[in-house]
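Asker: Return a 3D structure for these sequence lines:
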Amino acid sequence: MSAAGGGPKVAIAPIVLPQMQEAIEAAGGSVVEPAEADALVWINPLDPDGLKDLLTATSARWIQLPFAGIESFFDAGVLDPDRTWTCTKGVYGPACAEHAIALMLAAARCLNEHVKATSWRATYAQLGQPERRLNGLTVLIVGTGGIGASLAEMLQPFGTRILAINRSGKPMDLADRTGKMDELIDLLGEADFVVLAPALTAETRGMIGSKELDAMRPSAWLINVGRGGLIDTDALVSGLEEGKIGGAGLDVTDPEPLPDGHPLWGFDNVIITPHVANTADMAIPELTEMVRRNVAHFGRGEDLEGLVDVSLGY
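Answerer: I've put the predicted structure just below:
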(Lines give C-alpha, C1' and ligand atoms only; values in the text may rest on other atoms or scores of the structure.)
Protein backbone atom coordinates (compact mmCIF):
# COMPACT_ATOMS: atom_id res chain seq x y z
CA MET A 1 0.00 0.00 0.00
CA SER A 2 1.33 3.42 -0.83
CA ALA A 3 0.21 6.95 -0.15
CA ALA A 4 -1.21 9.11 -2.88
CA GLY A 5 -2.02 12.81 -2.78
CA GLY A 6 -1.58 15.21 0.11
CA GLY A 7 -4.37 13.98 2.42
CA PRO A 8 -4.01 12.08 5.69
CA LYS A 9 -2.02 8.86 5.61
CA VAL A 10 -4.06 6.27 7.46
CA ALA A 11 -3.23 2.69 8.41
CA ILE A 12 -5.86 0.02 9.06
CA ALA A 13 -4.98 -2.88 11.36
CA PRO A 14 -4.82 -5.72 12.11
CA ILE A 15 -6.51 -6.41 8.75
CA VAL A 16 -7.56 -4.06 5.98
CA LEU A 17 -11.30 -4.02 5.33
CA PRO A 18 -12.04 -2.97 1.74
CA GLN A 19 -15.00 -0.81 2.79
CA MET A 20 -12.79 0.97 5.33
CA GLN A 21 -10.16 1.68 2.70
CA GLU A 22 -12.84 3.07 0.39
CA ALA A 23 -14.15 5.33 3.16
CA ILE A 24 -10.68 6.69 3.91
CA GLU A 25 -10.01 7.41 0.25
CA ALA A 26 -13.46 9.01 -0.15
CA ALA A 27 -12.51 11.41 2.65
CA GLY A 28 -9.33 12.45 0.87
CA GLY A 29 -6.95 10.13 2.72
CA SER A 30 -4.75 7.29 1.59
CA VAL A 31 -4.20 3.88 3.16
CA VAL A 32 -0.58 3.16 4.07
CA GLU A 33 1.48 0.86 6.24
CA PRO A 34 1.57 1.74 9.98
CA ALA A 35 5.17 2.93 9.82
CA GLU A 36 4.13 5.66 7.35
CA ALA A 37 0.85 6.61 8.98
CA ASP A 38 -0.40 9.87 10.45
CA ALA A 39 -3.43 8.01 11.80
CA LEU A 40 -4.39 4.43 12.61
CA VAL A 41 -7.78 2.71 12.56
CA TRP A 42 -7.70 -0.33 14.86
CA ILE A 43 -10.62 -2.65 14.14
CA ASN A 44 -10.12 -5.51 16.62
CA PRO A 45 -11.81 -4.69 19.96
CA LEU A 46 -10.53 -7.90 21.56
CA ASP A 47 -6.78 -7.40 21.13
CA PRO A 48 -5.46 -4.45 23.12
CA ASP A 49 -2.04 -6.09 23.39
CA GLY A 50 -1.81 -6.32 19.60
CA LEU A 51 -2.45 -2.60 19.34
CA LYS A 52 0.06 -1.89 22.09
CA ASP A 53 2.72 -3.78 20.14
CA LEU A 54 1.85 -2.02 16.89
CA LEU A 55 2.12 1.42 18.46
CA THR A 56 5.85 0.86 18.94
CA ALA A 57 6.17 0.76 15.15
CA THR A 58 4.12 3.84 14.24
CA SER A 59 4.20 7.53 15.02
CA ALA A 60 0.50 7.91 14.17
CA ARG A 61 -0.88 10.92 16.03
CA TRP A 62 -4.52 9.85 16.01
CA ILE A 63 -5.87 6.37 16.83
CA GLN A 64 -9.47 5.35 16.10
CA LEU A 65 -10.83 2.50 18.25
CA PRO A 66 -13.74 0.31 17.09
CA PHE A 67 -16.05 0.30 20.14
CA ALA A 68 -17.49 2.86 22.54
CA GLY A 69 -16.45 0.74 25.52
CA ILE A 70 -12.65 0.89 25.64
CA GLU A 71 -11.96 -0.36 29.16
CA SER A 72 -9.79 -3.24 27.90
CA PHE A 73 -7.46 -0.77 26.15
CA PHE A 74 -7.43 1.47 29.23
CA ASP A 75 -6.69 -1.44 31.57
CA ALA A 76 -3.89 -2.68 29.28
CA GLY A 77 -2.19 0.73 29.42
CA VAL A 78 -2.59 1.29 25.69
CA LEU A 79 -3.97 4.85 25.84
CA ASP A 80 -0.82 6.89 25.31
CA PRO A 81 -1.65 10.46 26.44
CA ASP A 82 0.66 11.90 23.77
CA ARG A 83 -1.66 10.70 21.00
CA THR A 84 -5.24 11.65 20.16
CA TRP A 85 -7.72 8.84 20.70
CA THR A 86 -11.27 8.45 19.43
CA CYS A 87 -13.84 5.73 19.97
CA THR A 88 -17.34 5.15 18.68
CA LYS A 89 -19.20 6.74 21.59
CA GLY A 90 -22.63 7.76 20.37
CA VAL A 91 -22.41 5.91 17.06
CA TYR A 92 -23.86 2.61 18.27
CA GLY A 93 -26.37 4.24 20.60
CA PRO A 94 -29.50 3.63 18.51
CA ALA A 95 -28.77 -0.09 18.03
CA CYS A 96 -28.22 -0.66 21.75
CA ALA A 97 -31.23 1.47 22.66
CA GLU A 98 -33.44 -0.64 20.38
CA HIS A 99 -32.22 -3.75 22.18
CA ALA A 100 -32.97 -2.20 25.57
CA ILE A 101 -36.53 -1.52 24.42
CA ALA A 102 -36.83 -5.09 23.14
CA LEU A 103 -35.83 -6.41 26.57
CA MET A 104 -38.20 -4.00 28.30
CA LEU A 105 -41.14 -4.99 26.09
CA ALA A 106 -40.36 -8.67 26.55
CA ALA A 107 -40.37 -8.19 30.32
CA ALA A 108 -43.49 -6.04 30.36
CA ARG A 109 -45.44 -8.58 28.28
CA CYS A 110 -44.03 -11.57 30.21
CA LEU A 111 -42.50 -13.03 27.06
CA ASN A 112 -39.81 -14.59 29.23
CA GLU A 113 -42.52 -16.99 30.41
CA HIS A 114 -44.84 -17.13 27.39
CA VAL A 115 -42.19 -18.15 24.84
CA LYS A 116 -41.38 -21.29 26.81
CA ALA A 117 -44.99 -22.47 26.97
CA THR A 118 -45.86 -25.68 25.15
CA SER A 119 -49.64 -25.35 25.55
CA TRP A 120 -52.19 -22.53 25.53
CA ARG A 121 -52.45 -20.74 28.84
CA ALA A 122 -55.48 -18.92 30.21
CA THR A 123 -55.43 -15.14 30.26
CA TYR A 124 -55.10 -15.17 34.02
CA ALA A 125 -52.32 -17.74 34.13
CA GLN A 126 -50.12 -17.75 37.18
CA LEU A 127 -47.23 -15.55 36.09
CA GLY A 128 -44.59 -13.82 38.15
CA GLN A 129 -46.41 -10.55 37.47
CA PRO A 130 -49.18 -9.44 35.11
CA GLU A 131 -48.53 -8.16 31.61
CA ARG A 132 -48.10 -4.39 31.46
CA ARG A 133 -47.95 -1.57 28.97
CA LEU A 134 -44.95 0.73 29.01
CA ASN A 135 -47.30 3.70 28.99
CA GLY A 136 -47.22 5.41 32.36
CA LEU A 137 -44.24 3.44 33.67
CA THR A 138 -41.03 5.09 34.87
CA VAL A 139 -37.69 4.31 33.24
CA LEU A 140 -34.43 5.27 34.95
CA ILE A 141 -31.62 5.60 32.41
CA VAL A 142 -28.16 5.32 33.97
CA GLY A 143 -25.67 6.92 31.60
CA THR A 144 -26.80 9.65 29.23
CA GLY A 145 -24.37 9.19 26.35
CA GLY A 146 -25.25 7.78 22.96
CA ILE A 147 -27.29 4.85 24.24
CA GLY A 148 -29.09 6.79 26.94
CA ALA A 149 -29.97 9.73 24.71
CA SER A 150 -31.20 7.42 21.94
CA LEU A 151 -33.28 5.43 24.40
CA ALA A 152 -34.94 8.55 25.80
CA GLU A 153 -35.93 9.62 22.30
CA MET A 154 -37.20 6.16 21.31
CA LEU A 155 -39.33 5.92 24.45
CA GLN A 156 -41.32 9.05 23.64
CA PRO A 157 -44.14 7.28 21.72
CA PHE A 158 -44.55 4.80 24.59
CA GLY A 159 -45.55 7.50 27.06
CA THR A 160 -43.04 6.60 29.75
CA ARG A 161 -41.73 8.91 32.44
CA ILE A 162 -37.94 9.21 32.14
CA LEU A 163 -35.43 9.77 34.89
CA ALA A 164 -31.68 9.87 34.28
CA ILE A 165 -28.36 9.58 36.09
CA ASN A 166 -24.94 10.69 34.87
CA ARG A 167 -21.57 11.67 36.27
CA SER A 168 -22.08 15.44 36.19
CA GLY A 169 -25.81 15.76 36.73
CA LYS A 170 -26.12 17.70 33.47
CA PRO A 171 -29.80 17.54 32.46
CA MET A 172 -30.57 15.07 29.72
CA ASP A 173 -33.06 16.12 27.08
CA LEU A 174 -36.47 14.48 27.55
CA ALA A 175 -35.79 13.43 31.16
CA ASP A 176 -38.07 14.71 33.91
CA ARG A 177 -35.10 14.73 36.26
CA THR A 178 -31.38 14.08 35.92
CA GLY A 179 -29.28 13.27 38.97
CA LYS A 180 -25.62 12.64 39.69
CA MET A 181 -24.27 9.17 40.37
CA ASP A 182 -24.48 9.73 44.12
CA GLU A 183 -28.25 10.16 43.76
CA LEU A 184 -28.69 6.68 42.28
CA ILE A 185 -30.12 5.12 45.43
CA ASP A 186 -32.72 7.88 45.71
CA LEU A 187 -33.97 7.43 42.14
CA LEU A 188 -33.91 3.62 41.96
CA GLY A 189 -37.07 3.33 44.02
CA GLU A 190 -39.06 5.39 41.52
CA ALA A 191 -38.32 3.19 38.50
CA ASP A 192 -40.19 0.31 36.89
CA PHE A 193 -37.19 -0.28 34.62
CA VAL A 194 -33.56 0.59 35.37
CA VAL A 195 -31.47 0.65 32.18
CA LEU A 196 -27.67 0.59 32.51
CA ALA A 197 -25.67 2.29 29.76
CA PRO A 198 -22.68 4.13 31.27
CA ALA A 199 -19.03 3.54 30.45
CA LEU A 200 -17.35 0.91 32.60
CA THR A 201 -14.83 2.71 34.79
CA ALA A 202 -13.45 2.34 38.30
CA GLU A 203 -16.34 4.54 39.45
CA THR A 204 -19.11 2.52 37.77
CA ARG A 205 -17.78 -1.03 38.18
CA GLY A 206 -20.17 -2.93 40.42
CA MET A 207 -22.45 0.11 40.71
CA ILE A 208 -25.46 -2.20 41.09
CA GLY A 209 -24.95 -4.32 44.18
CA SER A 210 -26.98 -5.49 47.15
CA LYS A 211 -27.72 -1.99 48.43
CA GLU A 212 -28.95 -0.82 45.04
CA LEU A 213 -31.12 -3.92 44.53
CA ASP A 214 -32.64 -3.33 47.96
CA ALA A 215 -33.60 0.17 46.81
CA MET A 216 -35.44 -1.04 43.69
CA ARG A 217 -39.14 -1.85 43.54
CA PRO A 218 -39.98 -5.55 43.91
CA SER A 219 -41.64 -5.41 40.47
CA ALA A 220 -38.84 -3.48 38.73
CA TRP A 221 -36.62 -4.98 36.05
CA LEU A 222 -32.90 -4.30 35.66
CA ILE A 223 -31.80 -3.97 32.02
CA ASN A 224 -28.09 -3.97 31.12
CA VAL A 225 -26.94 -3.07 27.60
CA GLY A 226 -23.72 -1.43 28.80
CA ARG A 227 -21.04 -3.68 30.29
CA GLY A 228 -21.40 -6.75 32.48
CA GLY A 229 -19.08 -5.33 35.13
CA LEU A 230 -21.61 -2.62 35.99
CA ILE A 231 -23.46 -5.25 38.04
CA ASP A 232 -22.18 -7.28 40.99
CA THR A 233 -23.27 -10.64 39.60
CA ASP A 234 -23.27 -12.47 42.93
CA ALA A 235 -25.45 -9.73 44.43
CA LEU A 236 -27.83 -9.98 41.46
CA VAL A 237 -28.17 -13.75 41.86
CA SER A 238 -28.90 -13.33 45.57
CA GLY A 239 -31.34 -10.52 44.86
CA LEU A 240 -33.25 -12.61 42.35
CA GLU A 241 -33.36 -15.58 44.72
CA GLU A 242 -34.77 -13.33 47.43
CA GLY A 243 -37.30 -11.69 45.10
CA LYS A 244 -35.87 -8.22 45.58
CA ILE A 245 -36.63 -7.23 41.95
CA GLY A 246 -39.02 -8.32 39.24
CA GLY A 247 -36.33 -9.61 36.91
CA ALA A 248 -33.34 -8.77 34.73
CA GLY A 249 -32.70 -8.39 31.00
CA LEU A 250 -29.00 -8.82 30.32
CA ASP A 251 -27.21 -8.42 27.01
CA VAL A 252 -23.88 -8.31 28.85
CA THR A 253 -22.71 -10.27 31.88
CA ASP A 254 -19.80 -10.65 34.27
CA PRO A 255 -18.22 -13.07 33.55
CA GLU A 256 -18.70 -13.00 29.80
CA PRO A 257 -19.42 -15.32 28.09
CA LEU A 258 -21.71 -16.47 30.90
CA PRO A 259 -20.64 -20.07 31.65
CA ASP A 260 -22.99 -23.00 31.11
CA GLY A 261 -24.66 -23.89 34.38
CA HIS A 262 -24.32 -20.40 35.87
CA PRO A 263 -27.19 -19.62 38.28
CA LEU A 264 -28.44 -16.76 36.08
CA TRP A 265 -29.48 -19.29 33.41
CA GLY A 266 -31.90 -20.89 35.85
CA PHE A 267 -34.24 -17.96 36.56
CA ASP A 268 -37.56 -17.69 34.74
CA ASN A 269 -37.46 -13.93 35.23
CA VAL A 270 -34.06 -13.40 33.61
CA ILE A 271 -33.67 -12.82 29.86
CA ILE A 272 -30.12 -13.25 28.59
CA THR A 273 -28.91 -12.35 25.11
CA PRO A 274 -25.28 -13.01 24.09
CA HIS A 275 -23.99 -9.43 23.66
CA VAL A 276 -25.94 -8.86 20.46
CA ALA A 277 -27.33 -5.36 21.06
CA ASN A 278 -24.80 -4.25 18.47
CA THR A 279 -23.38 -6.97 16.22
CA ALA A 280 -20.58 -6.76 13.68
CA ASP A 281 -23.13 -6.64 10.85
CA MET A 282 -24.66 -3.54 12.44
CA ALA A 283 -21.41 -2.01 13.65
CA ILE A 284 -19.10 -2.15 10.63
CA PRO A 285 -21.19 0.21 8.44
CA GLU A 286 -21.50 2.67 11.34
CA LEU A 287 -17.77 2.49 12.13
CA THR A 288 -16.89 2.89 8.45
CA GLU A 289 -18.98 6.02 8.14
CA MET A 290 -17.49 7.46 11.33
CA VAL A 291 -13.98 6.81 10.02
CA ARG A 292 -14.88 8.59 6.78
CA ARG A 293 -16.08 11.65 8.72
CA ASN A 294 -13.11 11.66 11.08
CA VAL A 295 -10.53 11.30 8.29
CA ALA A 296 -12.12 14.33 6.64
CA HIS A 297 -12.03 16.22 9.96
CA PHE A 298 -8.42 15.18 10.55
CA GLY A 299 -7.38 16.32 7.10
CA ARG A 300 -8.94 19.76 7.68
CA GLY A 301 -7.55 20.14 11.19
CA GLU A 302 -11.04 20.02 12.71
CA ASP A 303 -12.19 18.47 15.99
CA LEU A 304 -12.70 14.72 15.77
CA GLU A 305 -15.85 12.85 16.77
CA GLY A 306 -15.77 10.49 19.71
CA LEU A 307 -12.77 11.99 21.50
CA VAL A 308 -11.53 9.93 24.44
CA ASP A 309 -10.53 11.47 27.75
CA VAL A 310 -7.42 9.38 28.40
CA SER A 311 -7.43 10.20 32.12
CA LEU A 312 -10.99 8.88 32.52
CA GLY A 313 -10.78 5.99 30.05
CA TYR A 314 -13.84 6.86 27.99
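
Asker: quick one: Gly226 and Thr253 touch, right?
Answerer: No. The criterion here is C-beta atoms under 8 Å, and Gly226 misses it with Thr253 at 11.4 Å. For the C-beta atoms, the positions are set from N, CA and C on the backbone; glycine is no exception.

Asker: okay, the two: which has more neighbours?
Answerer: Applying other C-beta atoms under 10 Å to Gly226 and Thr253 shows that Gly226 carries more neighbours, namely 28 against 23.

Asker: For Ala26, see how far away that one is.
Answerer: Applying C-beta to C-beta, to the nearest Å, the value for Gly226 to Ala26 is 32 Å.

Asker: do Ile272 as well
Answerer: From Ile272 across to Ala26, the span is 40 Å (C-beta to C-beta).

Asker: For those two, indicate the residue with more neighbours.
Answerer: Ile272 (18 against 12).

Asker: In this structure the more buried one contacts Trp265, no?
Answerer: Yes. Using C-beta under 8 Å, Ile272 is in contact with Trp265, at 7.0 Å.

Asker: Mutual contacts of those two, please.
Answerer: Common neighbours of Ile272 and Trp265, using C-beta atoms under 8 Å, 6 or more residues apart in numbering, are Leu258.

Asker: wait, isn't Val195 in contact with Thr144?
Answerer: No. Val195 is beyond contact range of Thr144, at 10.9 Å (criterion: C-beta under 8 Å).

Asker: Looking at the two, which one has more neighbours?
Answerer: Val195 (30 against 24).

Asker: who touches the residue nearest to the more buried one when sequence neighbours are not counted in this structure?
Answerer: Excluding the flanking residues, the one nearest Val195 by C-beta to C-beta, 6 or more residues apart in numbering is Ile223, at 4.5 Å. Ile223 makes contact with 100, 103-104, 107, 193-196, 248-250, according to C-beta under 8 Å, 6+ apart.

Asker: same thing with Gly226?
Answerer: 69, 143, 147, 196-200, 252.

Asker: Show me where the stretch 51-200 of the chain has its helices.
Answerer: Along the stretch 51-200 of the chain, the segments classed as helices by DSSP state H, counting those that start in this stretch run 71-75, 93-108, 111-114, 146-154, 184-188.

Asker: Tell me the buried residues in the third one?
Answerer: Residues of helix 111-114 classed as buried: 112-113 (neighbour count, 16 or more other C-beta atoms under 10 Å).

Asker: distance between that helix and the chain's centre?
Answerer: Centroid separation between helix 111-114 and its chain, computed with C-alpha atoms, centre = their mean, to the nearest Å, is 25 Å.
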